[in-house]
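Engineer: here's a sequence, model it:
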Amino acid sequence: MKNQAQVKGIQGYAGSVQKFITATLAVDFFDLYRDFAELIPKIPGQILDIGAGIGRDSWEFSKMGHSVLAAEPTAVYRAVGKKMFPSQNIQWVDSSLPELKLPGKDKHFDFLVASAIFHHLDKAEQHEAIVRICSLLNAGGIFILSLRNGPPGVGTHVFPTNSSEIIKSAASCGLKVLLHKSNQPSLLKHKESVVWSRLAFQK
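Structural biologist: Numbers count the residues shown, from 1 in each chain. Got it, this is the predicted structure:
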């Protein structure tokens, strides 16, 4: 497993903890997931939150009765998350895309979340990440993805994202599109130059 220094995508995050916390809490969970609300499983199941940050979203999923594996490579964020959002239904792991090594050889999930992390992967890594995610989904499982485009924020290792390319990668491993919304405005104030695409897939 890569150590923190080898995970290029988290460059800039460890030194911006309070800024990240403020930005996370500035956006209500239900506003953030409005487009995906009908896709979140109603029956308690297994959820993987990739790039979980401080764990606010993992915590909300856990309150719904789900068991959540929160994958976050930045150690200080994991530490903050365990204190701010404690839950027996959340298991934290130090891991990141595209490899995303997880405990449990045969672990699969009903619902996977990757919010605001693909712009830290280059084009080849984005494809690798989709293939890896597909391998972790149960049959019928759902993967939701928020793609960011715009000037760098907290993270400084940034690449463009392209919905069409992501959809092609998803189709290549058997994922079908359930939702595709492009050019969505940021939910944060003073982020007019940042636009989002929201996608959902099913295996």
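Engineer: pull the number of nearby residues for the spatially closest residue to residue 183 that is not a sequence neighbour.
Structural biologist: Of all residues not flanking residue 183 in the chain, residue 195 sits nearest, at 5.2 Å (CB to CB, 6 or more residues apart in numbering). From N, CA and C alone the C-beta is placed, and that goes for glycine too. Residue 195 is flanked by 15 other residues according to other CB atoms under 10 Å.
Engineer: tell me what residue 195 is bridged to.
Structural biologist: residue 149, residue 185 (DSSP bridges).
Engineer: ok, it - contacts?
Structural biologist: Applying CB atoms under 8 Å, 6 or more residues apart in numbering to residue 195 gives the contacts 148-150, 182-186.
Engineer: I'd like the distance between it and residue 144.
Structural biologist: 18 Å (CB to CB, to the nearest Å).
Engineer: what do you get for residue 119?
Structural biologist: Residue 119 sits 16 Å away from residue 144, taking CB to CB as the criterion.
Engineer: which stretches of the chain form helices?
Structural biologist: Taking DSSP state H, the helices of the chain run over residues 17-26, 29-32, 56-63, 75-84, 123-136, 163-172.
Engineer: among the contacts of residue 195, which ones are buried?
Structural biologist: Buried residues within the contacts of residue 195, counting neighbours by 16 or more other CB atoms under 10 Å: 148-149, 186.
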